[in-house]
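In: What follows is a predicted structure for the sequence shown.
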Amino acid sequence: TLADTIPVDEISDGVFYQLVDKQIQVEKNGFRTSYSRFIETTVNQTGVEDSSQINLEFDPSYQKLILNTLTVIRDGKPMDRLSEAQISVFSRETDLDQQIYSGRLTLNILLDDIQTGDTLDYSYTRYGSNPVYKNIFSFSHNLNWNVPVYNQHIRVLWGKPKALNLQSRNLSPDIITSQFGAFTEYQINLQNQASINVPSQIPRWYSPYGKIYFNEVNNWQEVVAWAQPMYHFGPTQPAIAEVAKQIEQTFSTKSGQIEAALKYVQNNIRYVGLEMGENSHLPTAPEETLALKYGDCKDKASLLIAILQALNIEAYPALVETQQTKLLAELPPSPNVFNHVIVWLDLAGTSFWLDPTLSNQKGNLTNLYQPDYGYALILKEGIEQLTAMHKNESQDYRWITEKYLLPEANDSPVIFSASATYKGYEAMKQLWKLEQDGKNNVADEYEVYYQRLFPSLTTLDEMTVNINDASGEVRIDERYQIATFWTMGDE
């Protein structure tokens, strides 16, 4: 049934969701079928534009997508549009600007004659799942949203003999469990759940939304057992041994060799992610990445580990989540909660977190900026829990000093200098900015900034940039002249 009244004032994008229906069937052998149905009512012209086009993504390397139904309801009368809609399939690579190629395709459905007040009812089914997960099932779904949803229906048909773990967060829905033939059936029905407006002040990693999790794995150790074999590549290959030999001949200490290996991968292997199908999680062999001179996070991490191993330094992949960070510790164990891979190693009892995808990373190993993604899962034998990543705040700062040289005569110009020292991530950001915008443009930007405070300010000397490779500090010095510094008062 559809809602009698629509909360127009709470709606975003001109669409009221009457029904969000998600159903998944997992067979005994792990084969997955996912059914989705949406019923949405347009309440204004923005909603008409939004509902007139539907985009459904799928990965053709392991998935098949079927559009089941497509109906427009106008004045209570349903009209089948499945045969009339313009349907096309294309590749649009939404992360291309980040050098990531997923290989996913988009099924585009273009509808004509959609009007304000129309209700669109459509459903589709995806068959198959990414083989990289080895048929390990993990699924989560929001229970409330930032817009009103009248009805929600979540259903999982579980056909495997292994027990399925259920966990909810921020909301405890009633879960109806029953037997449906050879399947155990789990159902959740929700109506008129309150929408949530997320304050801008809350941490980026925190999510206030209710969520339900269905997971096959019981603990993080099982996730390690799934992921660890993907990073086993056998004996060191000659090309990698040659890189390690050159590093060893140049640096005598282990810390120096680690630093050199990290910067070799950062500086010589550009970031490109070819993440079609299994390649979403399966790394490329290190010697192949070395030959190609490109790779994504898991490829670059594997290459760094291979070089370090050739230097007799133990290092391991570490799975992290760059958005949820601290929230990861509250989530149930699952293989698909991570979106990034870095490298962990222990040197003389000190942990180091190394990210070979970073660029412009300065400093030696003892004061090197180390990312803090909250928690990491180290892919090492015996690891049973997430490991907390503790950020060293002293390695990440920005210090700005401004000086004014005031002359004796009030009508003489004032010499103004600004000196900014950056370290850690702040230093990396500044070097990225200089590379992207160019030194002269950055200098012009700084001049314009200070001219808002002092309209008569002009540049006196060229902006200088000094990089201390040992400490990792970046220092930027500017020197200006302010022709009219003082203003006359009433007295």
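Out: Great, that's in hand.
In: For the rest of this, base every contact and every neighbour count on C-alpha atoms.
Out: Fine.
In: where does this structure have its least confident helix or strand?
Out: strand 100-101 (a mean of 72; mean pLDDT, DSSP states H and E).
In: pLDDT of the helix or strand following that one, averaged?
Out: The helix or strand immediately downstream of strand 100-101 is strand 105-110, counting by DSSP states H and E. For strand 105-110, mean pLDDT is 92.
In: who touches strand 105-110?
Out: Under the criterion Cα atoms under 8 Å, 6 or more residues apart in numbering, residues 52-60, 85-92 lie in contact with strand 105-110.
In: Quick one: residues contacting residue 458.
Out: Counted by Cα under 8 Å, 6+ apart, residue 458 has contacts 447, 451, 480, 481, 482.
In: State the number of residues packed around the second one.
Out: If I follow you right, that is residue 451. Neighbourhood size, residue 451 [other Cα atoms under 10 Å]: 14.
In: wait, it sits on residue 457?
Out: Yes - between residue 451 and residue 457 there is a contact at 5.6 Å, judged by Cα atoms under 8 Å.
In: re earlier: direction included, what does the least confident helix or strand of the chain pair against?
Out: For strand 100-101, the pairing partners within the sheet under DSSP bridges are strand 273-274 (parallel).
In: roughly how far is the partner strand from the heart of the chain?
Out: Distance, stretch centre to chain centre, for strand 273-274: 15 Å (Cα atoms, centre = their mean, to the nearest Å).
In: which residues touch that strand?
Out: So strand 273-274 is contacted by 99, 100, 101, 102, 103, 280, 295, 296, 297 (Cα under 8 Å, 6+ apart).
In: what does stretch 435-446 give?
Out: 433, 434, 463.
In: circling back: residue 269: which of the contacts of strand 273-274 is nearest?
Out: residue 295 (6.8 Å; Cα to Cα).
In: Do me a favour and get the backbone dihedrals for the closest one.
Out: phi 180, psi 170 (degrees, to the nearest 10).
In: list the contacts for residue 129?
Out: Contacts of residue 129 (Cα under 8 Å, 6+ apart): 31, 32, 62, 63, 135.
In: 7 Å - rerun?
Out: 32, 62, 63 (Cα atoms under 7 Å, 6 or more residues apart in numbering).
In: how close does the first one get to residue 137?
Out: Yep, that's residue 32 we're talking about. 9 Å (Cα to Cα, to the nearest Å).
In: Look up how far residue 281 lies from residue 433.
Out: 31 Å.
In: For the two, indicate the residue with more neighbours.
Out: Counting neighbours by other Cα under 10 Å for residue 433 and for residue 281 shows that residue 281 has the greater number, 23 against 14.
In: give the contact list for that one.
Out: residue 132.
In: Please tell me how far the nearest residue to residue 105 once chain neighbours are set aside sits from residue 103.
Out: Among residues not flanking residue 105 along the chain, residue 91 sits closest, at 4.7 Å (Cα to Cα, 6 or more residues apart in numbering). Distance, residue 91 to residue 103, by Cα to Cα: 7 Å.
In: ok, now residue 229?
Out: From residue 229 to residue 103 the distance is 24 Å (Cα to Cα).
In: any idea which of the contacts of stretch 435-446 is closest to residue 143?
Out: residue 433 (40.3 Å).
In: State the helix or strand in which the closest one lies.
Out: Going by DSSP H and E, residue 433 is part of helix 425-437.
In: Following that helix in sequence, what is the next regular element?
Out: Next along from helix 425-437, by DSSP H and E: helix 439-451.
In: what bits of the chain have low per-residue confidence?
Out: By pLDDT under 70, the low-scoring segments of the chain are 93-99, 391-394, 489-491.
In: Show me where it has its helices.
Out: 45-51, 220-227, 238-250, 254-268, 286-292, 297-310, 425-437, 439-451 (DSSP state H).
In: Just say which of these is most tucked in.
Out: helix 297-310 (a mean of 27; mean count of other Cα atoms under 10 Å).
In: so what secondary structure elements neighbour it?
Out: Packed against helix 297-310 by the contact rule (3 or more Cα pairs under 7 Å, 6 or more residues apart in numbering; DSSP states H and E) you find helix 238-250, helix 254-268, helix 286-292, strand 340-347.
In: Take those and lay them out in TSV including distance to residue 121.
Out: As requested, these are exported to TSV (distance: least, Cα to Cα, whole Å):
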stretch	distance to residue 121
helix 238-250	56
helix 254-268	49
helix 286-292	47
strand 340-347	37
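In: Quick one: closest of these to residue 193.
Out: Using Cα to Cα, these put strand 340-347 closest to residue 193, at 33.0 Å.
In: Paired strands for the closest one, with orientation please.
Out: Here, using DSSP bridges, strand 340-347 pairs with strand 316-320 (antiparallel), strand 350-354 (antiparallel).
In: now these in TSV, with distance to residue 329 and mean neighbour count?
Out: Below are the strands paired with strand 340-347 laid out as TSV (distance: least, Cα to Cα, whole Å; neighbours: other Cα atoms under 10 Å):
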stretch	distance to residue 329	mean neighbour count
strand 316-320	11	25
strand 350-354	18	18
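In: between the ones you listed, which gets nearest to residue 382?
Out: Here strand 316-320 is closest among the strands paired with strand 340-347 (Cα to Cα), at 12.6 Å.
In: can I get the CA coordinates of the closest one in CSV?
Out: Once non-C-alpha atoms are left out, strand 316-320 reads as follows in CSV (Å, rounded to 0.1, in the frame of the first residue of the first chain):
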residue,chain,number,x,y,z
TYR,A,316,52.9,-7.4,5.9
PRO,A,317,49.8,-6.0,4.1
ALA,A,318,47.4,-4.1,6.4
LEU,A,319,43.7,-3.6,5.3
VAL,A,320,42.2,-0.3,6.3
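In: that older thread, among the contacts of residue 129, which ones are in strands?
Out: residue 32 (DSSP state E).
In: Which of the contacts of residue 129 sits closest to residue 365?
Out: residue 62 (42.4 Å).
In: Give me the buried positions along stretch 202-211.
Out: Neighbour counts over stretch 202-211 (16 or more other Cα atoms under 10 Å) mark 209, 210, 211 as buried.
In: Let me have the contacts of stretch 435-446 in CSV, adding distance to residue 260 as columns.
Out: Below are the contacts of stretch 435-446 laid out as CSV (distance: Cα to Cα, whole Å):
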residue, distance to residue 260
433, 24
434, 24
463, 30
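In: Mind listing what's buried along stretch 469-487?
Out: 471-483, 485.
In: any idea how far it is from the chain center?
Out: For stretch 469-487, the distance to the chain centre is 35 Å (Cα atoms, centre = their mean).
In: Can you give the contact residues for that stretch?
Out: Residues contacting stretch 469-487 (Cα under 7 Å, 6+ apart): 362-364, 367-368, 412-424, 427, 454, 456-461, 463-468.
In: Straight-line length of it, end to end?
Out: End-to-end distance for stretch 469-487, by Cα to Cα: 44 Å.
In: now stretch 9-28
Out: Stretch 9-28: ends 46 Å apart by Cα to Cα.
In: Need the residues that contact that stretch.
Out: Contacts of stretch 9-28 (Cα under 7 Å, 6+ apart): 2-3, 32-44, 46-47, 147-160.
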